[in-house]
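Chemist: Sequence first, then the predicted structure, then my questions.
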Amino acid sequence: MTTTTLAVLVPLLPFLGATAGLLLGRTAPGFVRPLAVLPALAALVLAALVAVRQGGDQPVDAHTELTPTGSVPIELALHIDGFAALVAVLVAFVATCVQIYSTGYLRDDPRYPSYAALVSLFTSAMLLVVYSGDLIVLLVGWEVMGICSYFLVGHYWETPEARAASLKAFLVTKLGDVPFLIGLFALGTDAGSFRVTRVLGAVASGGLHHPTLIALLLLAGVAGKSAQFPLHTWLPDAMAGPTPVSALIHAATMVAAGVYFIARLLPVFEASSAAMVVLAVMAAVTMTGSALAALAQDDIKRVLAYSTIGQLGYMTGALAVGDRGAAVFHLLSHGAFKALLFLAAGVIIHAAGTNSLAAMSRMHGLRERIPDAYWTMTVALLALAAIPPFSGFFSKESVLGAAEHVADGRTEHLPGTAGWIVLVAGLVTALLTAAYAARLWLLAFRGRGTEAPDHGRQPLTMTVVLWVLAIPSLAFGGLAYRSLPGWLDGRDLTPALLTSILGTGLALVGGLLTYGAWQRTSALAARAPLGAVAAHPEGDAGLVEAEAIATHEPAYGDIAYAPDPADPGRLLLGPLHRHAAAGFHLDALYAALFVRPVQAGASLVRFLDREVVDTYVRGAAALPRFLGAAVRRAQTGNVQTYVSALLAGTVVLAVAVVLVATGA
């Protein structure tokens, strides 16, 4: 079987699994789980074979014209280089883990068949994006992922949060997709083709007439799909969906699509220095802002959501300094440990038996009750904080090293400003990332909230997947930075000494500061009686109040849970905590700038339609209605009345004739 045939089967198998799952979900429920797991597993095996055959050498290209358009043709095309081969393996690997995990996590969910089918379709769409060699076919997979995310985020549609989150995710991403579509058409028109290879050839020969405009239009779509500032606000709310869906979206699909798109078409963006600076600024704001927001969140999944936004900021930062090898390296590394983080969080939620216990301030005694999640999440958090020798250290240092290389002016075709922006923001974010990772670990596993009921051991399918994902989270980076350069443009991925020392040192500082703040707030909370507030004097070097919450909010049945008042995030952020917890009020800003004006305009249109347009319509109908009523009154059905009227009319006519004759 040729490599091209294998590559075609990789996205096709999950699609067929999704179709069969939807058709057989009700009539043959026993086939649902095999149809969910086996196509994803087969796609993983085939994607690995394609990667082995491609070997990081010349890209695998194949194409056939889909339909004549009269101008720019649309083709079914494959373009599989080292980037595509590796990312496809990641997508299939994470999707397989999610499907296996979901068989236990959603074993009692009546809508599991449709859920599993949508996950398979989601996987197929992302694999289509990865392998596609034509931008219009890529767009099909891009939009199918948007539809799948809408349904999967709204899986628990009975809750208003899930309905609102799915709608928000759909609308915000569509807001970016409109300019993205315009940019794709402009790019295809300038290049004379939608084929990736021909587009890149046109860029190399200087064939793009509007590189800055095209790059900025495409960046809008990337910002929406990959949740980058300012279109990132949908991702934290998307946590209303099932936790395995969150793992899939954050680790391998949807948000990874935007980063992968820029990596594939990076020369298009490099053709415009302005676009690269905009990309660097977007990455810097995203990194630092999301890390601050993560440090203030109480819901464990929202912490991880903001973490994903920040780590995607690292990837776009690497692309802003022209190193797509570092960006894809971090994409691969992040995919493993972020999937592990979300699935471990799912075990925590599953142990409590309800989504409402995702608040870290209400967790207690989880270390002993779910040791598998404890140890594997510890590994994933160390990888997230970029502590050596875990995988995140190597991939994150490759990003910082690339930024330092550009900042020093050693890359002539890229602006040094972009390098400095990414480098400084990346180092600050390294400190903040370690801080919120340490905070999550302390509150989740050493918290002092009221203990929830023990719902027994977790299904084996869930715990096994955690340990499978822990292996690449621990070892992938150390192995990959030596073996992957041939797959990733031949760039050296060895960590640089200066950025390694700075990044690791700042990460350790962030972790130690968080631990010290946690000890301080724990001591203050222990001295404060329940319901009291121990306030610190103003100006005491960033100290804030340690609250002992008196109101116990019911979270499971009629049992009340007391939040843990020892939250180091309040102490570290000080007066910034309230704003960071609200995502720096961007949702409120967008509501004021866009939502309310649109609603006001809709109200005005409704008023004009009802009170103005309908008035003319009602007026036009009033006269015929009046005349009809008059005629209707004359039609009484009484024969005597009709004869009398006839005689009266005859008399009137006779008199009129006489008068006329006399006058004549």
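Modeler: All right, it came through fine. Numbers count the residues shown, from 1 in each chain.
Chemist: quick one: the helices in the stretch 301-450 of the chain?
Modeler: Assigned by DSSP state H, counting those that start in this stretch, the helices in the stretch 301-450 of the chain fall at 324-352, 366-369, 371-384, 391-407, 416-445.
Chemist: Tell me what angle the very next helix or strand once past the longest one forms with helix 371-384.
Modeler: Using DSSP states H and E, the next helix or strand after helix 416-445 towards the C-terminus is helix 460-483. For helix 460-483 and helix 371-384, the angle between their directions (axes from the mean of the first three to the mean of the last three C-alpha atoms, to 10 degrees) works out to 20 degrees.
Chemist: same for helix 460-483, what does it pack against?
Modeler: helix 82-105, helix 324-352, helix 371-384, helix 391-407 (3 or more C-beta pairs under 8 Å, 6 or more residues apart in numbering; DSSP states H and E). Using the backbone N, CA and C atoms, a C-beta is placed for each residue, glycine as well.
Chemist: Output those in a markdown table, with mean pLDDT, distance to residue 506 and mean neighbour count appended to each entry.
Modeler: As requested, the helices and strands packed on helix 460-483 are exported to a markdown table (pLDDT from 0 to 100; distance: least, C-beta to C-beta, whole Å; neighbours: other C-beta atoms under 10 Å):
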| stretch | mean pLDDT | distance to residue 506 | mean neighbour count |
| --- | --- | --- | --- |
| helix 82-105 | 95 | 28 | 26 |
| helix 324-352 | 92 | 17 | 28 |
| helix 371-384 | 95 | 14 | 23 |
| helix 391-407 | 93 | 10 | 28 |
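Chemist: Now residue 412, what are its backbone angles?
Modeler: Here is the backbone geometry of residue 412 (degrees, to the nearest 10): phi -70, psi -40.
Chemist: how close does it get to residue 405?
Modeler: As judged by C-beta to C-beta, to the nearest Å, residue 412 and residue 405 stand 12 Å apart.
Chemist: Which residue is the nearest non-sequential neighbour of residue 242?
Modeler: residue 155 (5.4 Å; C-beta to C-beta, 6 or more residues apart in numbering).
Chemist: Can you check my assumption that that neighbour lies in a strand?
Modeler: No: counting by DSSP: H, G, I helix; E, B strand; the rest coil, residue 155 is not part of a strand but coil.
Chemist: Can you pull out the low-pLDDT segments for the stretch 1-150 of the chain?
Modeler: 69 (pLDDT under 70).
Chemist: Please repeat the previous calculation with a cut-off of 90.
Modeler: Low-confidence segments of the stretch 1-150 of the chain, defined by pLDDT under 90: 1-2, 23-31, 54-58, 63-76, 107-109.
Chemist: just to revisit the earlier point, residues contacting the residue nearest to residue 242?
Modeler: By C-beta atoms under 8 Å, 6 or more residues apart in numbering, the contact set of residue 155 is 111, 115, 162, 241, 242, 245.
Chemist: Spit out the contact partners of the fourth one.
Modeler: Residues near residue 241 by C-beta under 8 Å, 6+ apart: 152, 153, 154, 155, 156, 162, 165, 166.
Chemist: just to revisit the earlier point, got the phi and psi for the residue nearest to residue 242?
Modeler: The phi and psi values for residue 155, taken as degrees, to the nearest 10, are phi -60, psi -40.
Chemist: Could you check the pLDDT of it?
Modeler: What the model reports for residue 155 is a pLDDT of 93.
Chemist: begin at 287 from here
Modeler: Will do, 287 is the new start, and the previous item becomes residue 441.
Chemist: follow-up on the earlier one: could I get the helices of the stretch 587-736 of the chain as CSV with distance to residue 502?
Modeler: As requested, those are exported to CSV (distance: least, C-beta to C-beta, whole Å):
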stretch, distance to residue 502
helix 610-638, 19
helix 652-655, 46
helix 657-670, 31
helix 677-693, 20
helix 702-731, 15
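Chemist: Buried among the contacts of residue 441? Make that a ChimeraX selection.
Modeler: A single ChimeraX command is used to select the members of the contacts of residue 441 judged buried by 16 or more other C-beta atoms under 10 Å:
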select :401,448,527,528,531
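Chemist: In helices, which of the contacts of residue 441 fall?
Modeler: 401, 448, 531 (DSSP state H).
Chemist: tell me the SS of residue 313?
Modeler: Under three-state DSSP, the three-state class of residue 313 is coil.
Chemist: I'd like to know how many residues surround it.
Modeler: When neighbours are defined as other C-beta atoms under 10 Å, residue 313 has 7 of them.
Chemist: What of residue 891?
Modeler: Around residue 891 there are 11 other residues, counting by other C-beta under 10 Å.
Chemist: Show the average pLDDT along the one helix or strand it maps to.
Modeler: Assessed by DSSP H and E, residue 891 sits inside helix 882-893. Averaging pLDDT along helix 882-893 gives 90.
Chemist: Correct me if wrong: residue 493 contacts residue 479.
Modeler: No: the criterion here is C-beta atoms under 8 Å, and residue 493 misses it with residue 479 at 10.3 Å.
Chemist: So these two - more neighbours on which side?
Modeler: A count of neighbours by other C-beta under 10 Å puts residue 479 above the other of residue 493 and residue 479, at 21 against 15.
Chemist: That one should be in a helix, yeah?
Modeler: No: the assignment for residue 479 is coil, going by three-state DSSP, so no helix is present there.
Chemist: That one contacts residue 359, correct?
Modeler: Yes: between residue 479 and residue 359 there is a contact at 7.0 Å, judged by C-beta under 8 Å.
Chemist: mind listing what residue 613 touches?
Modeler: 545, 548, 549, 601, 602, 604, 605, 685.
Chemist: and the closest residue to the fifth one other than its chain neighbours, backbone torsions?
Modeler: If I follow you right, that is residue 602. What sits nearest to residue 602 in space, not counting adjacent residues and going by C-beta to C-beta, 6+ apart, is residue 569, at 4.2 Å. Phi and psi for residue 569, reported as degrees, to the nearest 10, are phi -60, psi -40.
Chemist: Residue 569: neighbour count?
Modeler: Residue 569: 31 neighbours (other C-beta under 10 Å).
Chemist: Now do the contacts for residue 427.
Modeler: Contacts of residue 427 were listed using C-beta under 8 Å, 6+ apart, and they are 297, 410, 411, 412, 413, 414, 415, 418.
Chemist: tell me which element the third one falls in.
Modeler: By that I understand residue 411. Per DSSP H and E, residue 411 falls inside helix 398-417.
Chemist: coming back round to it: for residue 580, which of the helices of the stretch 587-736 of the chain is the nearest?
Modeler: helix 702-731 (4.3 Å; C-beta to C-beta).
Chemist: Show me the shaky parts of the stretch 787-936 of the chain.
Modeler: For the stretch 787-936 of the chain, the stretches with pLDDT under 90 are 805-856, 860, 879-881, 885, 893-936.
Chemist: Next up, the contacts around residue 381.
Modeler: By C-beta under 8 Å, 6+ apart, the contact list for residue 381 reads 300, 326, 329, 330, 405, 406, 408, 409, 534, 538, 539.
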